[in-house]
Structure formats: C-alpha cells, structure tokens
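Asks: quick one: sequence plus predicted model below, questions after.
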Amino acid sequence: MVSETDRPTGATWQGGPPGSGTDAVGHARGPWPVAMPATSYGALVSFIRSRPGLTRHQLLAATGMSRTTLFERLEALFQHGYVYQDGSAPPGSGTRGPGRRSELLRWDTRGRVVLVLDLGQTHARLCVTGVDGRILRMRDVAVEIDTDAPAYLAELFRISHELVEAGEDETLIGVALGIPGPVDPATGILGTSTTMPRWERFPVLDSIRDHWQVPAVIENDARAFALGESSVIGADRTVLAVKYATGIGAGIVDAGHVLEGADGAAGDIGHVRITDDGPVCTCGRRGCLAAWASGHALLRRLADTGVRNLRDIVERVAAGDPAVCAAVDDATARLSRVLATVVAAANPDDLVLGGALGRIPRVVSRIDASIRQDVTERARHHLTVSAAHLGADGAVVGLSRKVVDLVYDPAVIDAAILGQTGAGTATPA
C-alpha cells in the first residue's frame, strides 16, 4: 500500500562541492589557483563556478591562457550550456574597449534540476532540487522497501514524473537514489541487505539510467545524510553523521569526501554485536545494536503501550511518558557505547544525529554526555554533538550534491564537449 504526502519546501544546501572551497552558489572561500590546463573545458567551468562574476579579462590574467584559446573555450561552454554571460562588470574591473564594460561570466545553473529518491525502510522522500540543493518540490510516500524492486521503482517513477513535469522551463540533469543498505562504491551494485533482500543483484542504477536517460548515482542513505550535513558544517571538518530511525546507520565525511569502505559497507554500525545473546536481529544473529536499539526494536518493545510508529515515540518522549522515555534511554545508552568507539577511532569535529529518533533533544543530550564520559579527552576535545542541521533533508541535499559533482566533473565536461559522451555523462544544454 502506497500513500503520499506533499511537503513544504525550502532552502537546504549551504555548501559547495567537496573540496571546492565554495558555498552553494559558488562564492569563493579561499585563494585563486595559480593556473589551470589551457586545454581543459571542465577545469575552466570549475574555475568560473568557484569565482562567479569574473570577466574575460580577469580569466585571462588568472588562468594564463592565450586570448584565442580562452575565447574558443568559452564559446564552446556557451554552446553547451555550462557558462553564460550575465550583465556588465562594474567600472574598473575590465573593459572591452573605450566606454564598454566587460560581461560577467557565470556558471549556468538556470533551470537545471535534480531528481532525488531518498528511500527509507518504511517511506520514500521524492524531491526535485536545484543544483544548489534547494528543494523545489517534494512528496513523501509511505511504502515498505522490503518488496520486489521493479514494482516498487515503477510506482516511485510514476510519482516522480508528476514532480518533474510540474516544473516550467527546467532541464533534468541527473537522478540520485539513496537506499538503506550497502552500496559497492566501484560498481553501484547493492550489497547483501537485511532490509531489502529482494533487491539483491537487481540492476538499480541501470534501471534508473534507462528510464530517465540522464546520469544517475546511488548511495547509502546514512552516507548521503553525512554528505549533506558536511556541506553546511564545512568541508574542512571531519563529520560523523548518524541516522537513527527505523534502522541505525552512520557516515563519515573528511575534508568533503565520504568514506565508503572497501565493500561499500562503511558506517554499517547497526549490525555490530554488543551482546552474546539478546534479541534476534534481522541479519539472523543475536545481540546486534539494531536488535537492541533501532526504531524497529523500540516499536516491538513498546507494542503493548499503544505505540504504533516512530512519530508516536517522538511525541510520547516530548510528553514525558515514563515507559517510552525509559525504553528510549536504554536504547540511547547502547547506541552511545558503539558511537564512543567510532568517535575514538575517527576523532571527528562534529557528531550529528539525524533521523526521527536521532533528532529528539533527549537523545542528543544523553549521547553527548555519554560520549564525553566514555571517550578520552584528547579524542573529544574539539567535538561538537548536535541534532541534524538540515532536519529531515540532509540525505536529499547530499544526494543532490553527488549528482552535481558527477555532471560537472571536469573530466565529464571535457568528454561531453569533445563528443565522447557515454554512460553517466551528459551536457546540461
């Protein structure tokens, strides 16, 4: 059974691409690079993206290109829709001749949109975003992911088409899919998953590309959440982000780059065994963190209290319900012990808690206190523990960012302009 809910939208992404030193719209944070390869169209786009509003004269000075080469490169970028001219430069910033001001050059994001499918175990969030991660249109769909992939995706694609077609003068540049399971970083193939076992070996990425005919990316939902949070916290910080909802997962971002791991399983902390016995986990073992502390485990434990879903838990904790608070406190204590080990190993600047349960103030404060008690001072000296800065939208922002980083990768742009476009590449024009 699928049910849908439209949601209000708003600005979310405040950070630029990983390692770019820019904010969401490309404003620079650091010094200019000395020069770039004169033959690279993509490098030129990256430079203009990081320094919006440059003139041709300023580009000549900054890049070291010859006038002829630069102008030829710019003309190709204009034709392919990567760069456009926007107004005139202020006096003193370069002129085309006596009394003529130079045009300003900008990264062309006008009307470019990304489709994001952020899948959870019991719901999906479908969004159309701008290239800056701002959510333009969104729909929440109540749907269980433990089902056959083709039928599940067909229904979500149907709803997504409605969202995409609701826009005017827009160009879809890519699709991103976030899933609550492991993803092979090299192939995009789903690993063995206890939450979506019937998806194993299904060619999800190929299915998306074939249906939408645009570049596509796939990422674990917790890692996508970490990437989104990192974009607002700062690319120069190490971020440990934990999604605590129906399941439990984590992502680590360092210097703007997400840690995927050799098998795409980095951050899969829910299946760390914390006791030799205990409740049976969905993976078939006993004593896993998820079996003790996940939202699924809490719903099972609180079934006799009338709790039906995670929203009930959040509301009853806010109301101070003794039984629900005690259960959440116990789950939080178990999660904190695992997170203390991760904090000691990764030494992050920020620990961010997201998901319906992770954003509960009581959970945030107790995890903060527990980690400061369990971890040595030198491993937590600069640590900040907080609820998600982007609320429920962190994974959407992170997924949108991955598409933009793919489509506007310098090598992809070079291949597109030189007529070598293949799978996973496209020109925005």
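Replies: Everything's here; your move.
Asks: all helices for the stretch 201-350 of the chain, in order.
Replies: 204-212, 221-233, 289-293, 295-301, 310-319, 322-346 (DSSP state H, counting those that start in this stretch).
Asks: quick one, strands of the stretch 151-300 of the chain?
Replies: For the stretch 151-300 of the chain, the strands defined by DSSP state E, counting those that start in this stretch occupy 171-179, 216-220, 238-244, 248-254, 257-258.
Asks: who does the first one pair up with?
Replies: Read that as strand 171-179. If you go by DSSP bridges, strand 171-179 pairs up with strand 112-119 (parallel), strand 216-220 (parallel).
Asks: cool, the shortest one as well?
Replies: Neighbouring strands of strand 257-258 in its sheet, by DSSP bridges, are strand 248-254 (antiparallel).
Asks: contacts for the partner strand next, please.
Replies: 18, 180, 220-227, 229-230, 238-243, 258-259, 266-270, 289-290, 293-294, 335, 339, 342, 346, 348 (CB atoms under 8 Å, 6 or more residues apart in numbering). C-betas here are computed from N, CA, C, even on glycine.
Asks: re the thing from before, need the strands of the stretch 151-300 of the chain in JSON lines with distance to Ser207, can you?
Replies: Conversion of those to JSON lines gives the following (distance: least, CB to CB, whole Å):
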{"stretch": "strand 171-179", "distance to Ser207": "10"}
{"stretch": "strand 216-220", "distance to Ser207": "9"}
{"stretch": "strand 238-244", "distance to Ser207": "24"}
{"stretch": "strand 248-254", "distance to Ser207": "23"}
{"stretch": "strand 257-258", "distance to Ser207": "23"}
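Asks: these: which one's closest to Val352?
Replies: Among the strands of the stretch 151-300 of the chain, strand 238-244 comes nearest to Val352, with 4.5 Å by CB to CB.
Asks: the closest one packs against which elements?
Replies: Counting contacts by 3 or more CB pairs under 8 Å, 6 or more residues apart in numbering; DSSP states H and E, strand 238-244 is packed against helix 221-233, strand 248-254, helix 322-346, strand 350-354, helix 355-358.
Asks: that strand to strand 216-220, inter-axis angle?
Replies: Counting by axes from the mean of the first three to the mean of the last three CA atoms, to 10 degrees, strand 238-244 points 80 degrees away from the direction of strand 216-220.
Asks: export strand 238-244 as CSV, just CAs?
Replies: C-alpha atoms of strand 238-244 as CSV (Å, rounded to 0.1, in the frame of the first residue of the first chain):
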residue,chain,number,x,y,z
THR,A,238,35.5,15.8,9.9
VAL,A,239,31.9,14.8,10.3
LEU,A,240,30.4,11.7,11.8
ALA,A,241,26.7,11.6,11.0
VAL,A,242,24.3,9.0,12.4
LYS,A,243,20.9,8.3,11.0
TYR,A,244,18.8,6.9,13.9
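Asks: buried ones in that strand, by neighbour count?
Replies: Applying a neighbour-count criterion of 16 or more other CB atoms under 10 Å, one finds Thr238, Val239, Leu240, Ala241, Val242, Lys243, Tyr244 buried in strand 238-244.
Asks: farthest-separated two in those residues?
Replies: Using CB to CB, the two most remote members of the buried residues of strand 238-244 are Thr238 and Tyr244, lying 19.6 Å apart.
Asks: in the stretch 1-150 of the chain, where is pLDDT below threshold?
Replies: The stretch 1-150 of the chain contains residues with pLDDT under 70 at 1-39, 88-101.
Asks: show me the protein divided up by domain.
Replies: Domains of the chain are assigned by automatic domain parsing as 3-12+111-223+394-412, 235-389.
Asks: out of these, nearest to Val45?
Replies: For these, the distance to Val45 is smallest for domain 3-12+111-223+394-412, at 6.5 Å, taking CB to CB.
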